[in-house]
Every structure is written in structure tokens, then in C-alpha cells.
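Undergrad: I'd like to go over a predicted model; first the sequence, then the structure.
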2 protein chains.
Amino acid sequence: MTTPANVTGVSRVIISFYEALEARDWAALEKLLDFDIVYEVPQTQERVSGRSAYIRFNRDYPGDWYLEVQRAYEDDIGGAAEVSFRVGGEVMVNVAFFELSAGRVRTIRDYWPEPYQPPPGREHLVERY
Amino acid sequence: MTTPANVTGVSRVIISFYEALEARDWAALEKLLDFDIVYEVPQTQERVSGRSAYIRFNRDYPGDWYLEVQRAYEDDIGGAAEVSFRVGGEVMVNVAFFELSAGRVRTIRDYWPEPYQPPPGREHLVERY
């Protein structure tokens, strides 16, 4: 994982969070999480509440998966990450939004955008890559 | 559209960008865009190159759509936005990543995460909302 330049407060926490996940370092992860963390996947309307359940959710996540932060961003109370997620031969983009409380992750909204077919009618303005 | 507190450089450009789209103010939008803007939708692998094509892409976008920025974030060269997109009775989340050049939008990576069924095996850790 390459650390972007000029990384400060929130972005540093976000990058450490993904490093702990990638390393399966659950003790390091625990230190970054608020006791009452709420993790949500809006696309499935799933919610995991509390640090121990959230760590178990990640421990039990199936497959030999890898995460790499591409960019981390912040505002005054939280941040965003653009992450490459690799499992088996597949690479997906993961996007997550964070809010912190006293320097620890208090909420995560996690998005998994999947490929879809482009709608018709804009071929004259668009190229495919 | 409510403007988040403590909005500075990149976030200000991102919020103005969505305000111009929401207002269909193409002259205001043009001023925010680099001449060589590249707009990409990674999920469909579509790319629109250049300011005039990109403005036309938005002018021609079908439906009576509305955008509202929920949060805007930044790093040293760009930013991210979490946006509510409403068309007809449907509300979707839109997530976009921006890079700026000389204060204007040079690249956009635009994501449209859609609902999906949760994978089985984690019901004991998760509630649905």
C-alpha cells in the first residue's frame, strides 16, 4: 500500500484502518474503532452495530481478499476512501465514507459499485474503455 | 442544497459544480471545467472527453433529475462527493471522485451503486434497515 503525500488526521486513520484489515491485525483494528461503531451497507440495507460484531464480520468475511487504498479524502468530521478490492482473480472498487469520534471510526457507509450496461442514447458522446 | 461548514478550496468547487448541474446553468458549469476534462463511469467503462461533449452529456441526460450534495471531502489534489440523486420517485446515491487542475475540474470518476441482495452467511452479525 502506498501512502499518499500530505496525509493528516482523518486520512491517516482511514489508511491505518485498511492496513489493519489487509494485515488481519484485529488488535490494531480494534484500537482504531469506536466501541459503538455502526457499519452500514446502503445497497443491501445491512447494518452491523458494535466493535466486536464488526471485527467478527471482517474475520469471517469469506475468500482470500486484499484491499489497497487508492486515495483518501477528508472534511472536518470524517473522510472518504477509494479502495481497490481484490479477491480471487476479480478486482472491484470499494468506496467508503467515514465519521470519526475522538479519533476513532464511529460510522462507515460502505459501497460496492458493480458493472452494468450503459443506457442507450449517448453513444455519440461516449467512448468505451 | 445545504452547504457544509468549513468548506474550502476543492470542496467549494465540487459543491459549485453540483449547484450548476442542479440549476442547469451550463455557463456556470463551463467556468468550473477544464477544457480537457475527462469524465469516466468505471462501472460501464464509458468515457466522455472534453468540455463541450461533457456539457452536452449533461444537457441531454434524460429525466427530471435533481442532485443534492450530502458531503464533500478533499485531499491535496482533488476531492470526493457523496450525492443524493433523485429522478421520478427514485432516489439513488451517487459517488464521485474529482481531480482539479488550476482550480477547475480535470477528471471525474462517477459511481452509481445499485441495490443488491446481501450474500448469505452473515445474518447472525447483521440487521436489515
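TA: Nice, I can see it.
Undergrad: Identify the residue nearest A:Ser16 in space, chain neighbours excluded?
TA: A:Leu32 (5.9 Å; Cβ to Cβ, 6 or more residues apart in numbering or on different chains). C-beta: built from backbone N, CA, C; applies to glycine.
Undergrad: That neighbour: what's it in contact with?
TA: A:13, A:16-17, A:20, A:104-105 (Cβ atoms under 8 Å, 6 or more residues apart in numbering or on different chains).
Undergrad: Then A:Ser11?
TA: A:Ser11 neighbours (Cβ under 8 Å, 6+ apart): A:4, A:72-74, A:79, B:75.
Undergrad: Tell me the confidence at it?
TA: If you check A:Ser11, the pLDDT there is 93.
Undergrad: go on, A:Asp75?
TA: So A:Asp75 comes in at 89 (pLDDT).
Undergrad: so what's the backbone phi/psi at it?
TA: Phi and psi for A:Asp75, reported as degrees, to the nearest 10, are phi -120, psi -160.
Undergrad: The residue nearest to it when sequence neighbours are not counted - how many residues pack around it?
TA: Of all residues not flanking A:Asp75 in the chain, B:Tyr73 sits nearest, at 4.9 Å (Cβ to Cβ, 6+ apart). Residues lying near B:Tyr73 (other Cβ atoms under 10 Å in any protein chain shown) number 29.
Undergrad: Now do the contacts for B:Tyr73.
TA: Listed by Cβ under 8 Å, 6+ apart, the contact partners of B:Tyr73 are A:73-75, A:78-80, B:11, B:79-81.
Undergrad: Can you name the residues that contact A:Glu30?
TA: Applying Cβ under 8 Å, 6+ apart, the residues contacting A:Glu30 are A:51, A:55.
Undergrad: In which helix or strand does it reside?
TA: Per DSSP states H and E: A:Glu30 is located in helix A:26-32.
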